[in-house]
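Engineer: No sequence on hand, only this structure:
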């Protein structure tokens, strides 16, 4: 039962255009929910089982608030969108989450880490910091997304499935020219063997010869071929995020930065903080980061300690 049900749910999510990451996460929690209810079919389960499961996760498993929200979203999708069952008021209240400030590197610490990297690996971290990219956004860049003349990067299908443009440092011009040349060369060799870069099925239908065009080549291609997750067709995908996390961990250790937790996302936080510290308008930073609400961007003013009406202590005026 569960196997066929999950196949039907997957087909429904793909029909609705959900991302693969969302699909994977929702299926994980729906599967766990089914086992929690004793493998009953969700169509036969009372709606209050949702509250029971969320309470169990919060009180027994001590899951984080954000995890509770993901589970709630996945179960609301299951009941309301897939099963067409009204959930109504569950009488469940998510645990409140206190604001936590992001970990931010100083410019000197960023330089220390970059000095421990070279070539492609260094370029990836430079883009994360210099353009405020998420690691997935950086790795999904294609050759056509890099505009060296206007010093801009186009991010497609970012968080919330939004497109945006962000700035590109001219200091990366030479490295990008070299990386683009490498990416195009990899694609040309693949094309000779009848293989190309991975494309979504919709794009492949709309642009059937795109996999042969240099513009569609991934800027950071993976080292080998793999089957496409949707079509099964052999293709070359972009570099996997775990590759970046691995070499970054080694670079942070070499840089001897022991008092901060440094992840790929730390460079995005550092980009925003340093932009504001250098006098950039908060609305500009919001646009570059792709935030829907300026309140999300305002967290970086708290990192700077400049979130009050006056930015200096009265003690400094004595």
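Structural biologist: Cool, got the structure. Treat the numbers as computed from the prediction; the structure is a model and nothing was measured. Residues are numbered from 1 along each chain as shown.
Engineer: distance between stretch 255-271 and the chain's centre?
Structural biologist: Mean C-alpha position of stretch 255-271 versus that of the full chain (CA atoms, centre = their mean, to the nearest Å) differs by 17 Å.
Engineer: Let me know the average pLDDT across that stretch.
Structural biologist: Across stretch 255-271, the average pLDDT comes to 92.
Engineer: ends of that stretch, how far apart?
Structural biologist: Stretch 255-271 has an end-to-end distance of 19 Å (criterion: CA to CA, to the nearest Å).
Engineer: Now do that stretch: everything it contacts.
Structural biologist: Contact with stretch 255-271 is made by 102-105, 109-110, 112-113, 115-116, 125, 128-135, 241, 244-245, 248, 252, 289, 300, 303, as judged by CB atoms under 8 Å, 6 or more residues apart in numbering. Placement of C-beta: from N, CA and C, glycine included.
Engineer: try stretch 183-195
Structural biologist: By CB under 8 Å, 6+ apart, the residues outside stretch 183-195 that reach it are 143, 196-197, 211-212, 214, 216-221, 225, 234-236.
Engineer: Against residue 249, how distant is residue 88?
Structural biologist: 46 Å (CB to CB, to the nearest Å).
Engineer: Look at those two and report which has more neighbours.
Structural biologist: Higher neighbour count among residue 88 and residue 249: residue 249, with 12 against 9, using other CB atoms under 10 Å.
Engineer: What's the first helix or strand after the helix or strand hosting the more buried one?
Structural biologist: Secondary structure assignment for residue 249, by DSSP states H and E: helix 241-254. Remark: after helix 241-254, the chain's next helix or strand is helix 264-277, criterion DSSP H and E.
Engineer: just the helices in the stretch 151-300 of the chain please.
Structural biologist: Secondary structure of the stretch 151-300 of the chain by DSSP state H, counting those that start in this stretch: the helices cover 173-192, 201-206, 241-254, 264-277, 282-289, 294-304.
Engineer: from the chain's centre, how far out does the first one sit?
Structural biologist: In terms of CA atoms, centre = their mean, the centre of helix 173-192 is found 24 Å from the chain centre.
Engineer: re the thing from before, of the contacts of stretch 183-195, buried ones?
Structural biologist: Buried members of the contacts of stretch 183-195, scored by 16 or more other CB atoms under 10 Å, are 143, 196-197, 211, 214, 216-221, 235-236.
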